[in-house]
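1. Build me a model:
(2 chains)
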Amino acid sequence: MAASLQRIGIVISRTFPIILQRNIQAQRIRHWKLTSSASPVLSLNFRALTSSSSSSSDNSDSTETLSRYSDRPWEYLESEEYIERYGSKPVWSNYRRNHKGGVPPQKTRKTCIRGDKICGNPCPICRDPNIIVHYKNVNLLQQFVSPQTGIVYDPTRTGVCMKQQKLLNKAIETARDCGLLSAQLPHVDYSKEDYSNTHGAVAPTPAPFSLSSGELWYPWYGSIKPDERELARVRRIYKDYLKPDV
Amino acid sequence: MAVFSFTRCLVRSYFCVKYVDHVQTLLQTTTRMFSVSASRSSFVDVPKAQFTDTEVQDILTKITGLDLKKVFRPIRQQLTPPKYKLMTDTELEESVCKAEKQAKHLLKMPPVLPERKPINDVLSEDQMLEGMDTANYVFTDINFNVPHRERFIVVREPSGTLRKATWNERDRIIQVYFPKEGRKITPPPIFKEENLRMVFEQDRHEDVLNQCVVQFEPDSVEFKNVLILTYEDIEKHGKYDLLRSTRFFGGLAWHLVNGQRIDGLLVDMLQRDLMQDAVRLVRLFNLVHPQSESAQHAQRQQATDLDLLKIYAQYESKRAGFIDLAVQTYEQTKALSSF
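-> Numbers count the residues shown, from 1 in each chain, chains lettered A, B, ... in the order given. Prediction:
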C-alpha cells in the first residue's frame, strides 16, 4: 500500500512539470510548496487526469500563460506575495543546488526550461514565473550584484542557470548604460593631451605650395657663390663649348 | 583731502589703462590658439580672464575645497583586506601630505576648451570610382606612437570622393582600434533627456559627469551639452554641495560666472559659513567681467575681503538683502569672538 502510494508519488512528480505548464501561473507556486505532502498529491493526480483529458480548460488558461507582471516586472517586488515568500532576503538565498560531492560543478546547468518541460529543482529565477529579468527591474538586479565591490555574483554562488545568467548580465549592463545602476568608471587624466587641433589630420589642409615669381625652390639656391678660381678653370677648359654671352 | 585721493585714484587708474593697452596687444597675438577673443569695449580694454590663467585656476581650486573624506570615500572596486600601520606623528603628517597630493591629482579639473571646428576637407574627387560599393571605406593610420589628434583617418565614399573623417567618425574609429577603458563606441542612453532627468532626481550628478568625461572628448559638442544640462539642473535646485570637493566644481563655478549667475552659489556658500570662498568667487567674477559695475567699483576702491562682497551685493546681485545680512552677522561674530 505504502509502496504503491510511493510509486504514484514518483510518477506524479515526474509528470508534475507538464502539469505546471498547463495550469494558471499563480497556482504553480502553491502546487510546488505542497508537493511534499501526500494527500494534495492525490488531488493533483486527479487534476492532472482531468486536465489532460479536457482541453477546453486549457484554452481559457492559455491566454494567461504570461505572468501578471510581464509588463511591469518591478511591481512584483513590492507585492505581498513576494514579501511573504522572500522577505527582505535576496531571491537566491534559500536555493540549494543538487550535485554529487562537496564541490559543485563550476558551471550551473545550461537552462532550466526546455520547451514545455521544466527541470527538477529549477534555479531561483526560473522557479518563480513572476520574477522577470528586465533592465528596469533595478531592485531585482541589485540582488545579484555585490553592494561592496559592484561585481556581478558568480552563478555558482547564486544558483541561476547559464541562460538566465546571460540575460542577467545583459540586463545589468543595459541598466548601467541607462544610469539606473551605478557603475565604477576609471579616472581620466587630461595632462598629457594637446588640444590645439592644429595638425593637418584634423585641420583644413594648407594650400599647395606654389612658387611666386622670382622665388627659388630652395632658399639657399641664390646665396651660394661659386669659387672664382674654379669658375675660371672651368671656363678655360670648356672655352670652345661655351655660349658667347657667358 | 578727499578730492586729492580721488584725483590720485583717477591718475592711478589712467596709468593702469595705459599699461594694460600694451599687454592687450601682446595677448592678442599670443593667445590665438584658444580662439576666444577678449570682449572689447570702446574705452577701457582690460583682458578678460581665461580658464587656464593661473589666478583663475588658483581661485577655482580653493573654492573646490579638499574634503579628504569625500575624495577618498570607499568606491566599488575589488576589495583587499585592510592594512594597519603603526606610525609616529611625523609619519602621520607625511602620509596626510601624500594623501593631499593624491587628492589634488584626482581633483584636476577637466579642461574648458572652445568647441572643435567641424572637419570638411575633401582630398580628391575621383569620378572613376563612382558606384564601387554601397558603403563607405575608412582608411585609418594605426601606427601606435601617433597621438590621436595627429592620426590621419580618411573616408572613401561610394560617389568616389576621398574626404577626411568627421569628428564623430574619428572618435568611433579610434575607439574601435585603440579602445579606451569605459568608453563605448556609441554613446550610452544615459545621455538622453529622460534618463538624465531620472538620474538628476536621484541626485547622482557626479556619476553622470564621470560618464560624460569618460565617453566624450572635452572639446566636443555632446560633452558641452551634457555639462550645461547638469549645471543648469544643479543651479535650478541649488544642489551645489553635491559637486563640492569633486573635480567638476571648478567647471560649475566657471559656467555660472560666465553666465553672471553666481547669486545662488554665493548664498549657498554664505549659508555654510564659507566666507573666504564667497570672497574668492566675487573676485573671480570681477576678473572675468572687468567691465561690470562691481568690478569697476572694486578696482577704484581697491577693496578686499568683505568689502568686495558688499560692493557686489550693492551693484550686481539680485539677492542683496541676504548677502548683506550674512556679511553683517559674520562681522558681528568676528567682533564678539575677538573680545
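2. confidence score at B:Ser42?
-> On pLDDT, B:Ser42 comes in at 41.
3. Also A:Ile8?
-> pLDDT at A:Ile8 comes out at 69.
4. in the stretch 101-250 of chain B, which spans are helices?
-> Using DSSP state H, counting those that start in this stretch, the helices of the stretch 101-250 of chain B run over B:167-177, B:193-201, B:205-215, B:221-237, B:249-258.
5. Equivalent analysis for chain A, please.
-> For chain A, the helices defined by DSSP state H cover A:2-22, A:25-34, A:38-53, A:56-62, A:80-86, A:138-143, A:155-158, A:162-178, A:228-237.
6. Run through the chain and note the low-pLDDT ranges.
-> Going with chain A. Low-confidence segments of chain A (pLDDT under 70): A:1-3, A:8-65, A:246.
7. my question was about chain B
-> Applying pLDDT under 70 to chain B flags the ranges B:1-47.
8. residue boundaries of the strands in it?
-> For chain B, the strands defined by DSSP state E cover B:122-125, B:137-140, B:153-156, B:161-164.
9. which parts of chain A sit against chain B?
-> By the rule CB under 8 Å from any CB of the partner chain, the part of chain A lying against chain B is A:148-151, A:177-180, A:182-191, A:193-199, A:201-202, A:204-205. To be clear about C-beta, it is placed using only N, CA and C from the backbone, and glycine gets the same treatment.
10. got the contact list for B:Tyr330?
-> Listed by CB atoms under 8 Å, 6 or more residues apart in numbering or on different chains, the contact partners of B:Tyr330 are B:Asp273, B:Met275, B:Leu306.
11. one more time with 7 Å
-> B:Tyr330 sits next to B:Met275 when contact means CB atoms under 7 Å, 6 or more residues apart in numbering or on different chains.
12. distance of it from B:Ser338?
-> When distance is defined by CB to CB, to the nearest Å, B:Tyr330 is 12 Å away from B:Ser338.
13. give me the residue from the stretch 51-200 of chain B nearest chain A.
-> B:Arg76 (3.2 Å; CB to the nearest CB).
14. Which residue, neighbours along the chain excluded, lies closest to that residue?
-> Counting by CB to CB, 6 or more residues apart in numbering or on different chains, A:Gly150 is the residue found nearest to B:Arg76 once chain neighbours are left out, at 3.2 Å.
15. The one you found and B:Val221, how far apart?
-> To B:Val221, A:Gly150 is 31 Å away according to CB to CB.
16. ditto for A:Arg176
-> With distances taken as CB to CB, A:Arg176 is found 24 Å from B:Val221.
17. one step back: hmm, which of the residues of chain A next to chain B are the buried ones?
-> Burial by neighbour count, 16 or more other CB atoms under 10 Å in any protein chain shown: within the residues of chain A next to chain B this picks out A:150, A:177-180, A:182-183, A:185, A:188, A:195, A:197, A:201-202.
18. how far away is the closest residue to A:Val160 other than its chain neighbours from chain B?
-> In space, A:Val160 comes closest to A:Cys123 once its chain neighbours are excluded; the distance is 4.5 Å by CB to CB, 6+ apart. Separation of A:Cys123 from chain B (CB to the nearest CB, to the nearest Å) stands at 26 Å.
19. So for A:Tyr135, which of the strands of chain B sits nearest?
-> A:Tyr135 sits nearest to strand B:137-140 of all the strands of chain B, at 31.8 Å, using CB to CB.
20. Can you spell out which helices and strands pack onto that closest one?
-> Under the contact definition 3 or more CB pairs under 7 Å, 6 or more residues apart in numbering or on different chains; DSSP states H and E, strand B:137-140 sits against strand B:153-156, helix B:167-177.
21. quick one: strands adjacent to the shortest one?
-> Partners of strand B:153-156 in the sheet, by DSSP bridges, are strand B:137-140 (antiparallel), strand B:161-164 (antiparallel).
22. Pick the most deeply packed of these.
-> strand B:161-164 (a mean of 18; mean count of other CB atoms under 10 Å in any protein chain shown).
23. chain center to it, what's the gap?
-> Centroid separation between strand B:161-164 and its chain, computed with CA atoms, centre = their mean, to the nearest Å, is 35 Å.
24. Just want the most central residue of chain A.
-> A:Lys170 (1.8 Å; CA atoms, centre = their mean).
25. Skipping its backbone neighbours, what lies nearest it in space?
-> A:Tyr135 (8.0 Å).
26. Residue numbers of the stretch 151-300 of chain B in contact with chain A?
-> Counting by CB under 7 Å from any CB of the partner chain, the positions of the stretch 151-300 of chain B adjacent to chain A are B:151-152, B:181-182, B:188-190, B:195, B:198-199, B:204, B:207-208, B:210-211, B:213-214, B:218-219.
27. What subset of those residues is buried?
-> For those, buried by 16+ other CB under 10 Å: B:151-152, B:182, B:188, B:190, B:195, B:199, B:204, B:207-208, B:210-211, B:213-214, B:218-219.
28. How much space separates A:Arg233 from chain B?
-> A:Arg233 is 51 Å from chain B, where distance means CB to the nearest CB.
29. Kindly provide the distance from that residue to A:Tyr241.
-> Counting by CB to CB, the separation of A:Arg233 from A:Tyr241 is 15 Å.
30. now B:Phe248
-> 80 Å.
31. Which one's more surrounded, the two?
-> More neighbours surround B:Phe248 than the other of B:Phe248 and A:Tyr241, with 25 against 6 (other CB atoms under 10 Å in any protein chain shown).
32. Could you pull up the contacting residues of B:Ser294?
-> Residues near B:Ser294 by CB under 7 Å, 6+ apart: B:Asn286, B:Ile311, B:Tyr312, B:Tyr315, B:Glu316.
33. The first one contacts B:Ala298, correct?
-> If I follow you right, that is B:Asn286. Yes - between B:Asn286 and B:Ala298 a contact is recorded at 5.5 Å, counting by CB atoms under 7 Å.
34. Quick check on the residue nearest to A:Val160: phi, psi?
-> phi -70, psi 170 (degrees, to the nearest 10).
35. my guess is it meets A:Gln164, correct?
-> Yes - counting by CB under 7 Å, A:Cys123 touches A:Gln164, with 6.2 Å between them.
36. For the residue of chain A found nearest chain B, give its distance to B:Ser292.
-> Closest contact between chain A and chain B, by CB to the nearest CB, is at A:Gly150 (3.2 Å). Between A:Gly150 and B:Ser292 the computed distance is 47 Å (CB to CB).
37. now swap in B:Gln211 and tell me
-> Going from B:Gln211 to B:Ser292 by CB to CB gives 36 Å.
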